[in-house]
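In: sequence and predicted structure are below.
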Amino acid sequence: MTDHYETLGVSRDASTEEIRRAYRKLARTHHPDVNPDPEAAEQFKRISHAYEVLSDEDRRRAYDTTGNENGQAGFPGGFGGAGGFGGFADIFETFMNAAGQGGRGGPASRARRGQDALVTARIDLRDAVFGGEQTIELDTAVRCERCEGSCCEPGTQPETCQTCHGHGMIQRPVRSLLGTVMATEACPACQGFGTVIPTPCHECDGQGRVRTRTPLTLRIPAGVDDGTRIHLAGRGEAGPGGGPNGDLYVEIAVRPDETFRREGDHLATTVTVPMAAAALGTTVTLDTLDGKQSVSLDPGVQSGHVEVLQGLGVGRLRGQGRGDLKVDVVVTTPTDLDDEQRQLLERLAEVRGEEVVHGAPQARGMFARLRENLRNL
């Protein structure tokens, strides 16, 4: 006589769960739909029969005590005779679970997690530099206040499904290569929930949530930039049936600024200085995000020079302090001189020993000085 424990590969003191796991593992390997080997079908029969005996407490006790199965038939005309489809429902459960179709896991919950949401918040450069708060409008799903997520009209409650008697699953016969077996599927009357709602909430139509526009005050940390995403756990859409909210992601979009441009943690701007002021040196008053700042330029400052104002840049998102403000200097040359201004510049060029050629001042070279000396002989 075949040893059922040996067939399943478990010890005699194995728990019911260990026997179940061993059976599922072997069933996946030897089922005829998976393994075309003729020997597999016979082995599959032995595995299934061993599981039917050992998974039933009374039959296992009788088997352990007397070595027989208390008069239970093996596989006459099929597998287990009338009422013996339990093992083969488990077979289908095994393969349906493997295919991701569920199994006899009991009724499903109506409460499910809500979806995550992604929205965009447009902010000014000042908010990116210092941080701040902004209120945005969300078009989202919120828990129904009338039924408080229960899906039922107030004063009513779900009722047990009369089709599946609250199990959420039903069994139906299916023909296979091994004969007629029982397949398990979600109850079509209650969609697997085990209960039905006779009087759905009039406000949410039995969904437990409604869509609405709601304001959200967003705290913006200093240092955010274009594309930065702020994660707000549990602020997404409410779940159906009173389920938990999903998460909300807010993507930052910084509006361009007319005065400053951003370079990482630094800010940059440009100041124009007249030629004479650049030659003599000057002080420029600059309107920064921190207020008015005086920028002193040394005499002879050239275009392309950069003055750095430390600590007036962008707050660091993942650190302390702020970046710097870089001031690019552009020296402008006058283009609309009147007669007096032209004469003054010509006199300046003469004093500096510069020769004006086609209206452009140039430093006198060796040959120019030689010609002048020859004319003076």
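Out: Nice, thanks for sending it over.
In: in the stretch 101-250 of the chain, which spans are helices?
Out: 125-130 (DSSP state H, counting those that start in this stretch).
In: domain assignment for this protein?
Out: Per the record's domain assignment (the TED database), the chain is made up of the domains 1-70, 117-158+197-254, 264-356.
In: so can I have CSV of these showing mean pLDDT and distance to Ser109?
Out: In this view, the C-beta of every residue, glycine as well, is placed from N, C-alpha and C. Converted to CSV, those look like this (pLDDT from 0 to 100; distance: least, Cβ to Cβ, whole Å):
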stretch, mean pLDDT, distance to Ser109
domain 1-70, 80, 24
domain 117-158+197-254, 94, 7
domain 264-356, 93, 39
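In: distance to Met169 and mean neighbour count for those domains - can I get that in a markdown table?
Out: Putting the domains of the chain into a markdown table (distance: least, Cβ to Cβ, whole Å; neighbours: other Cβ atoms under 10 Å) gives the following:
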| stretch | distance to Met169 | mean neighbour count |
| --- | --- | --- |
| domain 1-70 | 18 | 16 |
| domain 117-158+197-254 | 17 | 17 |
| domain 264-356 | 50 | 14 |
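In: now render these as TSV, adding distance to Arg175.
Out: Below are the domains of the chain laid out as TSV (distance: least, Cβ to Cβ, whole Å):
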stretch	distance to Arg175
domain 1-70	13
domain 117-158+197-254	35
domain 264-356	64
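In: isn't Asn245 right next to Arg209, touching?
Out: No - Asn245 lies out of contact with Arg209 (Cβ atoms under 8 Å); the separation is 9.7 Å.
In: what sits in contact with each of those two?
Out: Residues within reach of Asn245 and of Arg209 at once, by Cβ atoms under 8 Å, 6 or more residues apart in numbering, are Gly114, Glu237, Ala238, Gly239.
In: the domains of the chain: which one's closest to Pro173?
Out: Ranking the domains of the chain by distance to Pro173, with Cβ to Cβ as the measure, places domain 1-70 first at 17.0 Å.
In: show me how far that closest one is from its chain's centre.
Out: For domain 1-70, the distance from its own C-alpha centre to the chain's C-alpha centre is 46 Å (Cα atoms, centre = their mean, to the nearest Å).
In: repeat that for stretch 246-253.
Out: If you compare the mean C-alpha spot of stretch 246-253 with that of the full chain, they lie 9 Å apart, counting by Cα atoms, centre = their mean.
In: ok so Lys45 is a helix residue?
Out: Yes - using DSSP: H, G, I helix; E, B strand; the rest coil, the secondary structure at Lys45 is a helix.
In: now it: how far from Pro215?
Out: Distance check for Lys45 against Pro215: by Cβ to Cβ, to the nearest Å, it reads 66 Å.
In: how about Asp290?
Out: Applying Cβ to Cβ to Asp290 and Pro215 gives a distance of 31 Å.
In: the nearest residue to Asp64 once chain neighbours are set aside: what secondary structure?
Out: Leaving aside its chain neighbours, Asp64 sits nearest to Arg12 (7.1 Å; criterion: Cβ to Cβ, 6 or more residues apart in numbering). Local secondary structure at Arg12 is given as coil here, using three-state DSSP.
In: can you check Glu6 too?
Out: When the structure is split into helix, strand and coil by three-state DSSP, Glu6 lands in helix.
In: show me where the stretch 151-300 of the chain has its strands.
Out: Listed from the start of the chain, the stretch 151-300 of the chain has strands (DSSP state E, counting those that start in this stretch) covering 159-160, 169-176, 179-186, 195-196, 209-220, 229-232, 248-254, 261-263, 266-274, 282-288, 291-297.
In: turn these into TSV, columns for distance to Glu52.
Out: Written out in TSV, the entries for the strands of the stretch 151-300 of the chain read as follows (distance: least, Cβ to Cβ, whole Å):
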stretch	distance to Glu52
strand 159-160	30
strand 169-176	16
strand 179-186	13
strand 195-196	32
strand 209-220	46
strand 229-232	51
strand 248-254	52
strand 261-263	72
strand 266-274	75
strand 282-288	83
strand 291-297	85
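In: these: which one's closest to Ala141?
Out: Go through those one by one with Cβ to Cβ and the one that ends up closest to Ala141 is strand 209-220, at 4.6 Å.
In: direction included, what does that closest one pair up with?
Out: When sheet partners are counted by DSSP bridges, strand 209-220 sits next to strand 132-143 (antiparallel).
In: ok, and what's touching the strand it pairs with?
Out: Strand 132-143 is contacted by residues 114, 117, 119, 121, 123, 126-127, 149, 208-220, 236-238, 242, 248, 250 when judged by Cβ under 8 Å, 6+ apart.
In: run the angle between it and strand 248-254 for me.
Out: Following axes from the mean of the first three to the mean of the last three Cα atoms, to 10 degrees, one obtains 150 degrees for the angle between strand 132-143 and strand 248-254.
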